[in-house]
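In: Fold the following for me, if possible:
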Amino acid sequence: MLAITLPVSAQAPLVRQRVELEGVEYVLETAWNGRASVWVAALSDAEEASIRSGLQLRRGVPLLRGLADSRRPAGELVVTGRVEEVGIDSFENGDAELVYFTATEIEELLA
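Out: Down below sits the predicted model:
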């Protein structure tokens, strides 16, 4: 599994970064929504065309499930961590992390 480090905190509540998932480059944007008290994310291809937006970063919820876009990563993005509720400082203090499971890892888990 590939843990994607999110350099996000109350001091930097909006981060846009390029990530490589299974050899393909994507743009991942994360932002804190203070009104809803939740982290949200958007995933775009390397040319910054949107693949999926409005993803709420909640522990244990597969973010790409049901996405039929051919540009989507083959695996799955999931927030893991020690806390049930992912707060504004959860990624910064290590209570949560966004993890990418490759397609091979998912197949092995399901076998």
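In: Please name the bridge partners of residue 17.
Out: Beta-bridge partners for residue 17, by DSSP bridges, are residue 28.
In: Surely it is in contact with residue 41?
Out: No - contact between residue 17 and residue 41 fails when scored by Cβ atoms under 8 Å: they sit 10.8 Å apart. Bear in mind the C-beta positions are built from the backbone N, C-alpha and C, glycine included.
In: Identify each of the helices in this protein and give its residue range.
Out: For the chain, helices defined by DSSP state H occupy the ranges 103-110.
In: Tell me which residue lies farthest from the centre of it.
Out: If you look at how far each residue of the chain sits from its centre, by Cα atoms, centre = their mean, the farthest one is residue 111, at 24.5 Å.
In: separation between it and residue 105?
Out: Residue 111 sits 11 Å away from residue 105, going by Cβ to Cβ, to the nearest Å.
In: again with residue 35
Out: Distance from residue 35 to residue 105, counting by Cβ to Cβ: 35 Å.
In: try residue 85
Out: Taking Cβ to Cβ, one finds residue 85 at 26 Å from residue 105.
In: anything in contact with each of residue 17 and residue 41?
Out: 28, 29 (Cβ atoms under 8 Å, 6 or more residues apart in numbering).
In: Looking at these two now, which is surrounded by more residues?
Out: residue 41 (20 against 14; other Cβ atoms under 10 Å).
In: Just give the nearest non-adjacent residue to that one, would you?
Out: Closest residue to residue 41 apart from its sequence neighbours, by Cβ to Cβ, 6 or more residues apart in numbering: residue 55 at 4.4 Å.
In: Number of residues surrounding the one you found?
Out: 20.
In: what's the distance between it and residue 86?
Out: For residue 55, the distance to residue 86 - Cβ to Cβ - is 12 Å.
In: Look up the pLDDT of residue 3 for me, please.
Out: You'll see residue 3 listed with a pLDDT of 62.
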